[in-house]
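1. give me a 3D structure for the following:
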Amino acid sequence: MPWKECSVMEERLRFVARRLDGEAMSDLCREFGISRKTGYKIFNRFKEYGAKAFTDRSRRPVRYANQLPPQIETLIVNLKGDKPYWGARKIRELLVRKLNGDIRVPANSTIHAVLHRHGLVKGLRRPRRRAQGTELSAGLAPNDLWCVDFKGEFKLGNGRYCYPLTVTDYASRFLLLCEALESTREVTAIEAFEHLFRERGLPQAIRSDNGVPFASPNGLFNLSKLSVWWLRLGIDIERIKPGHPHQNGRHERMHLTLKKETIRPPGTNYLQQQARFDSFISEFNNERPHEALVMKCPAEVYSASQRPYSGLPDLVYPLHDRDLLVTACGRLCMYRKKINISTALAGQRLGIKEVDDGIWLVSFMRYDLGFIDLEQRTLQPLDNPFGPRLSPMS
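-> Reported below is the predicted structural model:
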């Protein structure tokens, strides 16, 4: 069987699986067209490192639960079927005995995540709806959906770079904000949004791309401090697919007009450039008719949100055992053990509930994040509650 018929990793996993089924090493090596030395190297590396041994060329972080060989995952599910009332800790002990040291046995949290994925453990019953992820809403009425983006940076007359932060209302095309900022830092963006929320109220959802500061490429579920703040305010987050700017097409179209009328040539400094932006906002909203609005101006259609901004509401977790505060370095401290969560959630309270012996479900607001295994001191994330894991736009 030539190696090029499918990926190298798949071939190696098939090789190991058949070896685990008891086939002779010499016969397998002959069939796969490799030397016995290579065969033993592959098998020994698998026993020591698990499936991640076959991804040595990748520098992308991986989650062990998502890399389990199908045979091991099937074995976990079958063992649970034989012992339906046993939890992850006892199932793991069965695995240890059955595999007899042939390969590394997954952690308790990984086993629990597998059982959860197959619907073999009870979830936390909730009266509230589950997260809808990043499905794009229709945005039919004003303030149902706001769209946000940074218009590409450009250099001012004094040599400083300007980063225009823009926000529009999807339904009315009303230009809510065009702010000349010095950077794309989260602190600056949060300050601008706080002023906007005080003036216009809160939307139901905000749509953005996957770049900073709206998302974090290295954060848990790509959450950033800005998107966490939006969630705390009861605002749903929507993210377009990487490489699909048409999903924010109305906003992008406004950017073309903005660029043509305000930054060619650019202002001398931030004050002059902001004055140009302010003039553009006034004309765009109050004077420029829009064909999609039956030649009405955006200001004739838009009205401020009925959801006032009054700061962050308290976080309560009545369905959990207790809540814990995430430290400034993004960790939870439980029983003198530190578990890395995410710096994007620093300062936030998370709800925790023991769902098995030593296995804790961790939740933020109505979103279940994953399971903590106190023995391993790790968080095993669940499927992304905010939709598919998205990478930053290139």
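2. for residue 347, what are its contacts?
-> Shown in contact with residue 347 (C-beta atoms under 8 Å, 6 or more residues apart in numbering): 325, 326, 328. C-betas here are computed from N, CA, C, even on glycine.
3. from the residues you listed, list the buried ones, please.
-> residue 326 (16 or more other C-beta atoms under 10 Å).
4. between the contacts of residue 347, which is closest to residue 135?
-> The shortest approach to residue 135 among those belongs to residue 326, at 27.4 Å (C-beta to C-beta).
5. separation between residue 105 and residue 121?
-> Noted for residue 105: a distance of 19 Å to residue 121, by C-beta to C-beta, to the nearest Å.
6. pick the one among the contacts of residue 347 closest to residue 44.
-> residue 326 (39.8 Å).
7. what pLDDT does residue 257 get?
-> If you check residue 257, the pLDDT there is 86.
8. sorry, wrong one. I was asking about residue 7.
-> For residue 7, the pLDDT comes out at 58.
9. so which residues of the stretch 1-150 of the chain form helices?
-> With DSSP state H, counting those that start in this stretch, the ranges of helices along the stretch 1-150 of the chain come out as 8-20, 25-32, 36-49, 70-82, 88-99, 108-117.
10. next SSE downstream of the biggest helix by length in the chain?
-> Counting by DSSP state H, the longest helix found in the chain is helix 270-286. Per DSSP states H and E, the first helix or strand lying C-terminal to helix 270-286 is helix 298-301.
11. other SSEs contacting that following helix?
-> helix 270-286 (3 or more C-beta pairs under 8 Å, 6 or more residues apart in numbering; DSSP states H and E).
12. residues touching the spatially closest residue to residue 288 that is not a sequence neighbour, list them.
-> Distances taken as C-beta to C-beta, 6 or more residues apart in numbering place residue 297 nearest to residue 288, at 6.3 Å, with adjacent residues excluded. Counting by C-beta under 8 Å, 6+ apart, residue 297 makes contact with 285, 286, 287, 288, 289, 290.
13. of the residues you listed, buried ones?
-> For the contacts of residue 297, a burial check counting by 16+ other C-beta under 10 Å picks out 285, 290.
14. of the contacts of residue 297, closest to residue 73?
-> For these, the nearest to residue 73 is residue 290 (53.2 Å; C-beta to C-beta).
15. surely the closest one meets residue 171?
-> No: contact criterion C-beta atoms under 8 Å: residue 290 and residue 171 do not qualify, at 11.6 Å.
16. which residues of this protein fall in strands?
-> Secondary structure of the chain (DSSP state E): strands at 146-150, 154-155, 161-169, 175-181, 205-208, 236-239, 322-325, 331-334, 337-340, 349-356, 359-364, 367-373, 378-381.
17. among these, which comes closest to residue 16?
-> strand 378-381 (23.0 Å).
18. how far off centre is that closest one?
-> 14 Å (C-alpha atoms, centre = their mean, to the nearest Å).
19. okay, now the sheet partners of that strand, with direction.
-> The strands beside strand 378-381 in its sheet (DSSP bridges) come out as strand 367-373 (antiparallel).
20. which other residues reach the partner strand?
-> For strand 367-373, using C-beta under 8 Å, 6+ apart, the contacting residues are 107-110, 112-113, 116, 123-124, 131, 220-221, 231, 332, 334, 339, 341, 350, 352, 355, 358-363, 378-382, 385-386.
21. if we use 7 Å, what do you get?
-> 107-109, 112-113, 124, 131, 220, 339, 358-363, 379-382, 385 (C-beta atoms under 7 Å, 6 or more residues apart in numbering).
22. can you select the buried ones from these in PyMOL?
-> Entered in PyMOL, the line below selects the buried ones among the contacts of strand 367-373, by 16+ other C-beta under 10 Å:
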select buried, resi 107+108+109+112+113+131+220+339+358+359+360+361+362+363+379+380+381+382+385
